[in-house]
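Enquirer: sharing a sequence plus its predicted fold:
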Amino acid sequence: MMHAFRTMASLACLALVAACNTADGVKKDADIAAEKTAEAASATGSAVEGAAETSQIKTAIMADTRVDAGDINVDTDENRKVVTLRGTVKTEAERVLAGEIANSKATGYAVVNNLSVRK
C-alpha cells in the first residue's frame with residue numbers, strides 16, 4: 001500500500017518538474033500533484049480500514065471454538081461496505097454461526113455468507 005502511494009507521489013513530482021515552464025504552469029502542476037496524492041492517500045486509507053475489518057472478523061470467527069475456521073476466507077470491500085465469507089465448513093450450524101459472528105463484528109457493513117458445507 002505505502003509502496004503504491006510513494007510511487008504515485010514520485011510520478012506526480014516527476015510530472016511537475018517536467019511540465020513546469022511558467023509560474024502558472026507550476027501552480028497548475030502542483031494542484032494536480034496534490035490532488036493525485038490525496039487520491040492515493042484516500043485509497044490507501046480505505047484499504048487499511050478494510051484490512052482491519054477483515055482481521056477483526058476473521059479473529060472473532062477463529063476464537064469461537066464452535067466453528068472450524070481453517071477454510072474460511074473473509075474479504076472486505078471497504079468502498080461498498082460489504083464483508084464476504086467464502087470457503088467451507090463442516091456443518092450448516094457452523095455456516096450459520098460464522099455468519100452471525102461476522103454480522104456482530106461488521107458494524108456498518110453488509111455480510112454476504114458464501115460459505116458452503118463440506119460433503
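Expert: Nice, I can see it. Only a predicted model underlies this, so the values are computations on that prediction, with no experimental measurement involved.
Enquirer: which residues are in contact with Thr54?
Expert: By C-beta atoms under 8 Å, 6 or more residues apart in numbering, the residues touching Thr54 are Val74, Asp75, Thr76, Val83. In this view, the C-beta of every residue, glycine as well, is placed from N, C-alpha and C.
Enquirer: list phi and psi for it.
Expert: phi -60, psi -50 (degrees, to the nearest 10).
Enquirer: ok, now how distant is it from Ala93?
Expert: Here the criterion is C-beta to C-beta, to the nearest Å. By it, Thr54 lies 23 Å from Ala93.
Enquirer: ok, back up a step: for PyMOL, write a command that selects the buried ones of the contacts of Thr54.
Expert: Listed next is the PyMOL selection for buried residues among the contacts of Thr54, using 16 or more other C-beta atoms under 10 Å:
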select buried, resi 74+76+83
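Enquirer: out of the contacts of Thr54, which are inside strands?
Expert: Applying DSSP state E to the contacts of Thr54, the entries found in strands are Val74, Asp75, Thr76, Val83.
Enquirer: pretty sure Ile61 is touching Ala69, no?
Expert: Yes. Counting by C-beta atoms under 8 Å, Ile61 touches Ala69, with 4.7 Å between them.
Enquirer: shared neighbours, the two?
Expert: Ala98.
Enquirer: what mean pLDDT does stretch 85-94 have?
Expert: Stretch 85-94 comes out with an average pLDDT of 96.
Enquirer: can you pull out the strands in this protein?
Expert: Going by DSSP E, the chain shows strands at 72-77, 82-89, 110-117.
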